[in-house]
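Participant: quick one: sequence plus predicted model below, questions after.
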Amino acid sequence: MSALEQALRKRGFRSAHPLPPQTPDPYTKKLRNGNGKVSATATATETLTDNLWNKSTRIVDMAELFSDISGKKSALHFTGFTSAQFALSMVEGMQKVRFIRGQAPV
């Protein structure tokens, strides 16, 4: 049992689903390319490795993540790599937005 699980149990928290094992960390994400499509290549998959997050606090180092994905910009068909392209590569989906013709509700 991890230190986090022990601390939560001391405070009375119980979970039907225990926290995942701390090693290895199997968190992966397929990145989106410059056209907004999920990339099919294995080189455009991001895996959270030890240098990208702190296991004890479970916090991702965004600067390291940006740098790591920036190294994959050719596989994602980006010529440069800006914060907007970083956001595009990390997007999971889109919200449905409706525009209704007429007066705005009060």
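Facilitator: Right, received. Where do you want to start? Numbers count the residues shown, from 1 in each chain.
Participant: how is Thr57 assigned, secondary-structure-wise?
Facilitator: coil (DSSP: H, G, I helix; E, B strand; the rest coil).
Participant: Lys30 versus that one, what's the distance?
Facilitator: Here the criterion is Cβ to Cβ, to the nearest Å. By it, Thr57 lies 26 Å from Lys30. Using the backbone N, CA and C atoms, a C-beta is placed for each residue, glycine as well.
Participant: neighbour count for those two, which is higher?
Facilitator: Lys30 (13 against 8; other Cβ atoms under 10 Å).
Participant: isn't there a helix covering Phe66?
Facilitator: Yes - according to three-state DSSP, Phe66 belongs to a helix.
Participant: I'd say it and Gln85 touch.
Facilitator: No - using Cβ atoms under 8 Å, Phe66 makes no contact with Gln85, being 10.0 Å away.
Participant: higher neighbour count, the two?
Facilitator: Neighbours per residue (other Cβ under 10 Å) separate Phe66 from Gln85, with Gln85 holding more: 19 against 15.
Participant: can you tell me the SS state at the more buried one?
Facilitator: helix.
Participant: and it, what's its pLDDT?
Facilitator: The model reports Gln85 with a pLDDT of 85.
Participant: ok, it - contacts?
Facilitator: Under the criterion of Cβ atoms under 8 Å, 6 or more residues apart in numbering, the neighbours of Gln85 are 34, 73, 76, 78.
Participant: what's the farthest-apart pair in those residues?
Facilitator: By the measure Cβ to Cβ, Gly34 and Lys73 form the most distant pair in the contacts of Gln85, at 9.0 Å.
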